[in-house]
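> Sequence first, predicted coordinates after that:
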Amino acid sequence: MAERIINKREWLFWLSSVVLLGAFCVCYYVDIGLLIKAWDNQDFSYCYLVPFLFLYLVYTKRQSLKTHEMTSSLSGLLVLCVAGMIHLAGTMGSIVTLNYMAIWVAVIGLALLFVGAKMVKALAFPFVILAFIVPLPPFLNNLLTFKLKLVSSALSVDMMRLAGLAVLREGNILDFGVTQLQVVDACSGLRYVYPLLLTGLVFAYLFHKTWWQRGLIILATIPISIFSNALRVAITGYLTMRVSQDAAQGFFHGFSGWLVFMVSFVLLSVLSWLLRFGKSGVRNPVHVNRQQGNPGSSSFDTKRIRPSYLWTASVLFVGFWGLSNGFASTQAKPIRKTFEAFPTTIGDWQGEKAYLREEILSSLWADDYIQIQFRNSRTRNRLLLFVPYYGYQEPRHTAHSPVSCLIGGGFAPRSRKTIRRNFPMPFGQVNINQMILEKGGGLLLTNYWFQQRGRIIQSEYWNKWYLFQDSLIKRRTDGALVRLEMPLREGQGVEDAQAMLDSFTVELMDVLPEFVPN
C-alpha cells in the first residue's frame, strides 16, 4: 500500500511538472523566439553562451549546495505573479525588453518551486549572470554605440599620431588627406563591452574576495574595451596608409574583431592577476564550501516538491497568457481616413509621395504610413514628412523613437532638446522634440512627437505609460509617430528653419487628426 502511495505521488509530480513546462511554453514561447532572434544581432551574439555559463556556475557550487534542503517554496508563486505582471506590462506598454525580463524572473520563480529559497539564494550570482540573456533596448544600444564611436575615434587618432601618421578627425570620419576612414557602428566597441563586462563579473566572483577588488575589475572592463577597440581602429588606419587599403580591409578587418576581444581579455586577466599577486587566501576558481551538513540532504526527492504548487503555477502561466491575449484582442480601433487620401499640398508646400522598401516596411511594423517630400514654393526649402500609424500596439508592433534610426543612419547629433509649441485646438501648448543632426558637413533639423489617442507626447517613456493606461481604460492602443526633417540651406540659421517648421506644423495639424484620430 505504501509503495502504491509513493508511486502515485511520483506520478502526480511528473504529471504536474510536464503540465507546468507546457504552461510556461504557452505563456512565453513567442517571446522566447523573439529573444533568440535578438541574439542574432552581432552586438548580442554572446547571449548564446550565457545559459551554458549559468549551468557551469551552478555546477561549481554543487558541493556547497548539499548543505541546503531542497524543497518547494511558496515564494515561487509570488515571483511568478511578478513575472506575469511584468510580461503584461510589457505587452500592454509595447516594451519588448520587459517581456524578456519576465522570462528571467519566471525562471527564478520556477527554481523556487523546485529547489526552494535557500538554494536559490545560494545561486544568486549565477542568476545575476543569467540576466545577461536580456539585450539592451535598441534605442539605448544605438545611443551607446554612437557615444563609443566618438571616444574610440578620438583615442585612435592619438594613437596614430604617436605612430607618425598625420590624421584629422571630424566626428567619426578620420581624414588622412589622400583618403578617409569612417568609424562605423561595428567599430564602436560596444559589442566587446558586453561580453567583457560579463567576463569581469565572473572574474570578480571566482578570483577575488574583497569588494574593492571586485568593483575595480568590473569597472575596468569599459576602459579596457574602449582602449582595445581604439587600437583596432588605429592599426586599420596605419595599414591603410603604410601598406594598402586592401590589407586593412582584407583578412585583418575580419580577424581584428577576435583580436580586440583577446587583447581585452588578456588585459583584464593581467589586472586580475596583479590584484591577487602576493595575497594570501585567494579564492580558488571553483568555490567549495567544505561545511558538512546532512549527507544527501539536497538529493532530488519528489516528495519534497508539492504538486499543488506546480498546478497553481500552471494556472498562473495560462491565466497571464489569457490576460495578455485578451487585452490585445479586445482593443477598439477608431474610424479614420487612410493615408491614400492625404493631401500633397499644404499651404505653400507642394509634395510628392514616396514609398518605403519592403524590408524597411517589415521592420517598421506600421499598419499605414505616409511619407511625402515637400518643397516650399517661396523659399525653396525642402522637408520630409513621415508618419507611421498603428491601429493597435504591442511589443513588436509599435511606434518607436526615431533617435536610434537617425543615429544608426550615420547622422551625428549636435543637440537634442524639448521645445514648447502652440498647436491648434484641442491640443494647445505642447512639448515636442527638436534634434539638430550633422552628416557630410550639412545640418538637418528634426522635430518629432508621438500623437496618440488625442495626446501629443514628447517622451518615449511617457508614451509607454499612456499605452498601458489607455489599454486598460480606453481599450485603445492606436497612435502614430510624427516626424519632420528639414535640411538647412547654406547660410540658413536654426531659428529661421524652426520657424518654417512651426508654420508648416500648424497647417499640418488641421489635416492630420482625420488620419490619426483623437
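Great, that's in hand. Numbers count the residues shown, from 1 in each chain.

> tell me which element residue 415 is part of?
strand 412-423 (DSSP states H and E).

> Sheet partners, orientation included, of the helix or strand following that strand?
For strand 412-423, the following helix or strand on the C-terminal side (DSSP H and E) is strand 428-439. Taking DSSP bridges as the criterion, strand 428-439 sits next to strand 412-423 (antiparallel), strand 442-452 (antiparallel) in its sheet.

> any chance of those in CSV, plus mean pLDDT?
Compiled in CSV, these are given as follows (pLDDT from 0 to 100):
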stretch, mean pLDDT
strand 412-423, 83
strand 442-452, 90
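
> quick one, what contacts the nearest residue to residue 81 once chain neighbours are set aside?
Among residues not flanking residue 81 along the chain, residue 316 sits closest, at 6.4 Å (Cβ to Cβ, 6 or more residues apart in numbering). Quick note: C-beta positions are derived from backbone N, CA and C, even for glycine. Taking Cβ atoms under 8 Å, 6 or more residues apart in numbering as the definition of contact, the neighbours of residue 316 are 77, 80-81, 84.

> So of those, which two are at opposite extremes in space?
The widest separation within the contacts of residue 316, taken as Cβ to Cβ, falls between 77 and 84 and amounts to 10.4 Å.

> Which of those two has more residues huddled nearby?
Each of residue 77 and residue 84 had its neighbours counted (other Cβ atoms under 10 Å), and the higher figure belongs to residue 84 (22 against 18).

> just checking, that one is part of a helix?
Yes - counting by DSSP: H, G, I helix; E, B strand; the rest coil, residue 84 is part of a helix.

> The closest residue to it other than its chain neighbours: neighbour count?
On the basis of Cβ to Cβ, 6+ apart, the spatially nearest residue to residue 84 that is not a chain neighbour turns out to be residue 320, at 3.5 Å. Close neighbours of residue 320, defined as other Cβ under 10 Å, add up to 24.

> and the gap between residue 320 and residue 334?
For residue 320, the distance to residue 334 under the criterion Cβ to Cβ, to the nearest Å works out to 28 Å.

> ditto for residue 510
Summarising the geometry, the distance separating residue 510 from residue 334, computed by Cβ to Cβ, is 19 Å.

> just residue 70 next, same as before
Distance from residue 70 to residue 334, by Cβ to Cβ: 54 Å.

> next one: residue 88
Residue 88 is 24 Å from residue 334, by Cβ to Cβ.

> who has more neighbours, these two?
residue 88 (20 against 12).

> Isn't residue 23 up against residue 318?
Yes - at 5.2 Å, residue 23 counts as touching residue 318 under the criterion of Cβ atoms under 8 Å.

> Counting neighbours, go ahead and name the busier of the two.
The residue with more neighbours, out of residue 23 and residue 318, is residue 23; 21 against 16, by other Cβ under 10 Å.

> In terms of helices and strands, where is that one?
Using DSSP H and E, residue 23 maps to helix 2-38.

> For this structure, which element, helix or strand, carries the lowest mean pLDDT?
Lowest on mean pLDDT, DSSP states H and E among the helices and strands of the chain sits helix 245-249, with a mean of 57.

> Nearest to residue 45 among the strands paired with strand 428-439 would be which one?
From those, taking Cβ to Cβ, the stretch that ends up closest is strand 412-423, at 26.6 Å.

> Output that closest one in CSV with nothing but the alpha carbons.
This file holds the C-alpha atoms of strand 412-423, laid out as CSV (Å, rounded to 0.1, in the frame of the first residue of the first chain):
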residue,chain,number,x,y,z
ALA,A,412,25.8,62.8,-35.6
PRO,A,413,23.5,64.6,-33.1
ARG,A,414,24.7,68.1,-32.4
SER,A,415,21.8,68.9,-30.0
ARG,A,416,18.7,67.4,-28.7
LYS,A,417,16.1,69.2,-26.6
THR,A,418,12.4,69.7,-25.8
ILE,A,419,10.7,72.7,-27.2
ARG,A,420,7.2,74.1,-26.4
ARG,A,421,4.9,75.0,-29.3
ASN,A,422,1.4,76.1,-29.9
PHE,A,423,-0.7,73.5,-31.7
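
> In this structure residue 113 contacts residue 73, no?
Yes - counting by Cβ under 8 Å, residue 113 touches residue 73, with 6.8 Å between them.

> the more surrounded of these two?
A direct count of neighbours by other Cβ under 10 Å for residue 113 and residue 73 places residue 113 higher, at 24 against 21.

> contacting residues around that one?
Contacts for residue 113 (Cβ under 8 Å, 6+ apart) come out as 72-73, 76-77, 80, 305, 309-310, 313.

> Could you rerun that using 7 Å?
Residue 113 makes contacts with 72-73, 76, 309-310, 313, as judged by Cβ atoms under 7 Å, 6 or more residues apart in numbering.

> Which of these fall in helices?
76, 309-310, 313 (DSSP state H).

> What is the most widely separated pair among those?
76 and 310 (9.5 Å).

> Helices of the stretch 351-500 of the chain, residue ranges please.
In the stretch 351-500 of the chain, the segments counted as helices under DSSP state H, counting those that start in this stretch are 358-364, 403-408, 460-473, 494-511.

> hey, least reliable of those by pLDDT?
Comparing mean pLDDT across these, the lowest value falls on helix 403-408: a mean of 61.

> pLDDT score assigned to the most centrally placed residue in the chain?
For the chain, the residue sitting closest to the mean C-alpha position, by Cα atoms, centre = their mean, is residue 137 at 1.7 Å. The per-residue pLDDT reported for residue 137 equals 76.

> tell me the contacts of it?
The contact partners of residue 137, by Cβ under 7 Å, 6+ apart, come to residue 97.

> if we go to 8 Å?
For residue 137, the residues meeting the contact criterion (Cβ under 8 Å, 6+ apart) are 95-97.

> quick one: residue 417 from residue 363, how far?
Distance of residue 417 to residue 363, computed by Cβ to Cβ: 28 Å.

> for residue 81, same thing?
With the distance defined as Cβ to Cβ, residue 81 ends up 34 Å from residue 363.

> between those two, who's got more neighbours?
With neighbours defined as other Cβ under 10 Å, residue 81 and residue 363 compare such that residue 81 has more, 16 against 10.

> Only alpha carbons, please: show the strand or helix carrying that one as PDB.
With secondary structure defined by DSSP H and E, residue 81 is part of helix 75-92. Backbone C-alpha positions of helix 75-92 (Å, rounded to 0.1, in the frame of the first residue of the first chain) are rendered in PDB as follows:
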ATOM      1  CA  SER A  75       7.500  32.400  -2.600                       C
ATOM      2  CA  GLY A  76       8.000  30.900  -6.100                       C
ATOM      3  CA  LEU A  77       4.300  31.500  -6.800                       C
ATOM      4  CA  LEU A  78       4.700  35.200  -5.700                       C
ATOM      5  CA  VAL A  79       7.700  35.600  -8.000                       C
ATOM      6  CA  LEU A  80       5.700  34.000 -10.900                       C
ATOM      7  CA  CYS A  81       3.000  36.600 -10.300                       C
ATOM      8  CA  VAL A  82       5.600  39.300 -10.500                       C
ATOM      9  CA  ALA A  83       6.900  37.800 -13.800                       C
ATOM     10  CA  GLY A  84       3.300  37.700 -15.100                       C
ATOM     11  CA  MET A  85       2.700  41.300 -14.300                       C
ATOM     12  CA  ILE A  86       6.000  42.400 -15.900                       C
ATOM     13  CA  HIS A  87       5.000  40.500 -19.000                       C
ATOM     14  CA  LEU A  88       1.600  42.000 -19.000                       C
ATOM     15  CA  ALA A  89       3.000  45.500 -18.600                       C
ATOM     16  CA  GLY A  90       5.500  44.800 -21.400                       C
ATOM     17  CA  THR A  91       2.700  43.600 -23.700                       C
ATOM     18  CA  MET A  92       0.300  46.500 -22.900                       C
END
